[in-house]
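J.: Just a sequence and a predicted model for now, questions to come.
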Amino acid sequence: MTLVGRLLSVIDADILPLTERGVATGNKVFGAAIVHKSDLSLVVAGTNAETVNPLWHGEVHTLKQFYELPGHPPTSELLFLSTHEPCTMCMSAITWAGFDNFYYFFSHEDSRDEFAIPHDLKILKEVFGLEPGGYRRSNAFWTAYSIPDLIDDEDEPLRTELLARRQLIADRYAVLSVQYQESKGGNDIPLS
Ligand SMILES: [Zn+2]
C-alpha cells in the first residue's frame, strides 16, 4: 500500500466516523490522526471538539489524546495527518510536539471556499501579515505535504484510483459541512 493510499484509508475509516459523531453534536468538520512511519499503523485518531473548548481543534484534540496514551511513541517516529491544512495554532502545536511532518487533505483555501470557514486564512493575514500559502511549508522543524499534490505525483492507473477515493471522501465532507453550517447558529464557539 502506498503512503497516500494509506492516509486516505485512515481518513475514511478512522477519522470520519469520529467526525460524523462530532458534527452531530455541533462541532466542526476538522479531524486528525497520528500513524507510525514504519508500518503506517494507526496510533490515534481524533476530531474537533470546540463545543467543549475552542482550542480543541481536530489536531490539538488529537495531540491531547496522544499524550494521554500510556507509552506513546516518540514523535520522531510518527506522521501527523490533518484532514484540513492546519491553522496557525495547530501548526505551532505540531511543531512544539516535535513532529517533522504533517500531511493534509483539504487546503486553507478549501476551508474558506468549500467549508465557509475563513478563519485560518484570516488569522494568517491579520496576525502574521501573510497571504494564503505565505508560511514556510518546508522549514527547520517540518515539511508540509498536500495529499492532492501527492496523488497528482502518482503514476497511472494508481492516480485515477486515488482520485476516485479522494472524491468519495470529499463527498462525505460536503455532507458534514452542510450539517455543521446549519447547526452553528446554536453554538457559542467564538470563531464558528
Ligand atoms: Zn487549528
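T.: Noted; the coordinates are in hand.
J.: Report pLDDT for Gly186.
T.: Gly186 carries a pLDDT value of 87.
J.: same thing with the one 3 residues further on?
T.: The predicted local confidence for Ile189 comes out at a pLDDT of 93.
J.: helix, strand or coil for it?
T.: Here Ile189 is coil, with the state taken from DSSP: H, G, I helix; E, B strand; the rest coil.
J.: Identify the spatial nearest neighbour of it, chain neighbours not counted.
T.: Glu50 (4.7 Å; Cβ to Cβ, 6 or more residues apart in numbering). C-beta here means a position set from N, CA and C on the backbone, and glycine is covered the same way.
J.: wait, the one you found sits on Val29?
T.: No: if you go by Cβ atoms under 8 Å, Glu50 and Val29 don't touch, sitting 10.9 Å apart.
J.: picking that back up, for the residue nearest to Ile189, which residues are in contact?
T.: Contact analysis of Glu50 by Cβ atoms under 8 Å, 6 or more residues apart in numbering lists Asn27, Lys28, Trp56, His57, Asn187, Ile189.
J.: for these, which one is nearest Ile117?
T.: The closest of the contacts of Glu50 to Ile117 turns out to be Lys28 (Cβ to Cβ; 7.0 Å).
J.: so that closest one makes contact with Gln179?
T.: No: the pair Lys28 / Gln179 is not scored as a contact, 10.7 Å apart, by Cβ under 8 Å.
J.: The two: which is more packed in?
T.: Taking other Cβ atoms under 10 Å, Lys28 and Gln179 do not tie; Lys28 has more neighbours (28 against 15).
J.: three-state assignment of that one?
T.: Judged by three-state DSSP, the three-state class of Lys28 is coil.
J.: and the gap between Gln167 and the ion?
T.: Using Cβ to the ion, to the nearest Å, Gln167 is found at 25 Å from the ion.
J.: Tyr104 now?
T.: In terms of Cβ to the ion, Tyr104 sits 11 Å off from the ion.
J.: Where does that residue fall, secondary structure wise?
T.: For Tyr104, the element it lies in under DSSP states H and E is strand 101-106.
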